[in-house]
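sequence and predicted structure are below.
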Amino acid sequence: MNQVPDILRILPEVILTLAGVAVMMIEAVLHQNTSRRPLGWLAVGSVAAAFWASMAQFQMAPGTGFHGVVQTDSFSAFFHVLICGIVLVCCLIALDCMPERGENMGEFFALVLFGAVGMVLMSSAVELLLVFIALEISSISTYILAGFRKHSVKGPESSLKYFLLGSFATAFFLYGVALVFGATGTTNIREIAATLATTPMPAFPVIALAMMLIGIGFKVSAAPFQVWTPDVYEGAPSPVVALMSTAPKAAAFAVLLRLTYAVFPLLHVQWSSLLWLMAALSMTVGNLAALRQQNVKRMLAYSSIAHAGYLLVAFSAPSSEGIAAASFYAVAYAAMNVGIFAVVSHVGGYDDHLNSISDYRGVAYRSPLMGAVLAFFLISLIGIPFTGGFFGKFYVFAAALHAGAIWLAIIGLLNSGIAAYYYLRLLTTVYTRHAEDSAEPNIAPLSIPIVLALLLTVGSTLVLGIMPGRVLYAARWAASSVVPPTAAPTEIVVAPLQPAR
């Protein structure tokens, strides 16, 4: 049998890394007055190449590389494609709104590419230390990108808050890895699962899992670890918010799926209870807080907290059905959330001069296309049929019902009704005319990058709402790489810690 070269198992990461280095080197030799836009197109082309390489990994024989620290299978390929698609659209959004001769434009795209390396690597790493390294690569890039508008007041503030709280949460994840190593003598995911399945279960793995859940809960902005989200979203540029609200979350959820279903399946009773509580809190806190917001980006920040809760509902299913539902919802949420931030970025500009809900009054009359696209994404976020948001919620709630988590599904449905209020409030504002004597801010004409970004996001959301079969099949195929469809965890009793002799 022909062995797949190790380099092909990390080909998307290699392409993104080389592209990031190339952008930095070219940026260093360009004259100050030279347009940096070609650097953005170089980043777009590189991410498209990484997307193609990720698609090719679906046809690659499953296996590990580099002494078993990375694994290529349908699960990693699924999230590689998702993350590369998100980064591709976010680069197009940045090309539309960023100043053409901004002296930091090259650094922006280099940071996006390096951050994407960490996100992609997180979904294929099967060694917890490599997961931690990839998490840090992704986090450091997003910390800097959050404060990229250095001349604004809120930019550096959001970056500093994100860095301090993120470092604190990452320490929890690292302590959890250390406890797992102490309990099993290894940090390899397969070896950990095998060791825990054949030896008496001490309390260390339970504590380790809880600590790692804290670190991942911060990355996905799930309650009660969501306090950083509204301030960071408000202060960061809209293209950065489109990226950090989707791609790092998708990577973190990929890690969480592997940890829960592949590493700690025997602790299903423990982690499902914790995630049940996090899901209920995230949906409720996110939607109730969003009701009071007048700032569009803060409202969408609390909305993202609620959607993290919807996705966590899928973890109540102790089988591959939960993985498939969570993976499908990650795709649907990414398409509609990146799309709505593409509209916010184009309408408000790089400096977010339209930031309150009242500022969006009459947008549909000044730009009928942008108004219609914004309305479409708001309808999808509500979960109206024939949109990706509908089938995303349908699959996660169905997984919860099949698992017997009826109350969690009811909480999710009630929260979906609450969310409809603030989404429809923005929608009615968009289609409300300005007073005749009031000044209406101009909306920039459409550019090629924003048209491509909207075509990709609107098309993806429509396809997921009308013909979800292929993506759902890919999600189920990805789930089968983590846990066999017929596998079911067995409840175990956790033994207390024994004093050393």
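Now that the structure is in, tell me what you want to look at.

can you list the weak-confidence ranges in the chain?
Where the chain drops to pLDDT under 70, the residues are 1-2, 100-103, 201-202, 434-441, 484-501.

against E157, how distant is P385?
Distance, P385 to E157, using C-beta to C-beta, to the nearest Å: 41 Å. The C-beta positions use only the backbone N, C-alpha and C, and glycine is treated the same way.

over to I305?
Counting by C-beta to C-beta, the gap from I305 to E157 is 20 Å.

settle it for me: which of the two has more neighbours?
Shown here are I305 and E157; by other C-beta atoms under 10 Å, I305 has more neighbours (26 against 16).

which of the three states applies to that one?
Applying DSSP: H, G, I helix; E, B strand; the rest coil to I305 yields a three-state assignment of helix.

and the closest residue to it other than its chain neighbours, how close does it get to L92?
The shortest distance from I305 to any non-neighbouring residue, by C-beta to C-beta, 6 or more residues apart in numbering, is to G286 (3.3 Å). Separation of G286 from L92 (C-beta to C-beta): 28 Å.

kindly report the same for L111.
Distance from L111 to L92, by C-beta to C-beta: 16 Å.

more neighbours: which of these two?
The residue with more neighbours, out of L111 and L92, is L92; 28 against 22, by other C-beta under 10 Å.

quick one: that one is in a helix?
Yes: secondary structure assignment (three-state DSSP) places L92 inside a helix.

show me where the stretch 101-250 of the chain has strands.
When assigned using DSSP state E, counting those that start in this stretch, the stretch 101-250 of the chain turns out to have no strands.

how far does the helix or strand containing W477 sit from its chain's centre?
Using DSSP states H and E, W477 sits within helix 469-482. Helix 469-482 has its C-alpha centroid displaced from the chain centroid by 18 Å (C-alpha atoms, centre = their mean, to the nearest Å).

which elements pack onto it?
Counting contacts by 3 or more C-beta pairs under 8 Å, 6 or more residues apart in numbering; DSSP states H and E, helix 469-482 is packed against helix 74-97, helix 320-348.

kindly calculate the angle that it makes with helix 74-97.
Put simply, helix 469-482 runs at 130 degrees to helix 74-97, going by axes from the mean of the first three to the mean of the last three C-alpha atoms, to 10 degrees.

neighbours around I340, how many?
As a measure of burial, I340 has 26 neighbours, counting by other C-beta under 10 Å.

residue contacts, it?
Taking C-beta atoms under 8 Å, 6 or more residues apart in numbering, we find I340 in contact with 300, 374, 377-378, 381.

cool, and K219?
Per C-beta under 8 Å, 6+ apart, neighbours of K219: 135, 139, 169, 248-249, 252.

now do 6 Å
248, 252 (C-beta atoms under 6 Å, 6 or more residues apart in numbering).

distance of it from M244?
In terms of C-beta to C-beta, K219 sits 10 Å off from M244.

do the same with F390
25 Å.

and those two? Which one has more around it.
Set side by side, F390 and M244 show more neighbours around M244, with 27 against 19, by other C-beta under 10 Å.

skipping adjacent residues, who's closest to the more buried one in space?
What sits nearest to M244 in space, not counting adjacent residues and going by C-beta to C-beta, 6+ apart, is T142, at 5.1 Å.

same check, this time on G215
Closest residue in space to G215, ignoring its immediate chain neighbours: F173 at 2.9 Å, by C-beta to C-beta, 6+ apart.

also M212?
In space, M212 comes closest to G176 once its chain neighbours are excluded; the distance is 3.6 Å by C-beta to C-beta, 6+ apart.

what do you get for G20?
L113 (3.6 Å).

neighbours around that neighbour, how many?
Other residues near L113 number 27, with proximity taken as other C-beta under 10 Å.

all further residue positions should be reported with the first residue as 12.
Noted, 12 is the first residue going forward, which turns the last one into L124.

buried residues, stretch 384-398. List them.
Buried residues in stretch 384-398, defined by neighbour count with 16 or more other C-beta atoms under 10 Å: 384-394, 398.

show me these that map onto strands.
Among the buried residues of stretch 384-398, no residue falls in strands (DSSP state E).

report the contact partners of F388.
347, 350-351.

ditto for A343
A343 makes contact with 399-400, 403, 475, according to C-beta under 6 Å, 6+ apart.

for these, give me TSV that also has distance to L29 and secondary structure.
Formatted as TSV, the contacts of A343 follow (distance: C-beta to C-beta, whole Å; DSSP: H, G, I helix; E, B strand; the rest coil):
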residue	distance to L29	secondary structure
G399	33	helix
G400	36	helix
G403	34	helix
L475	32	helix
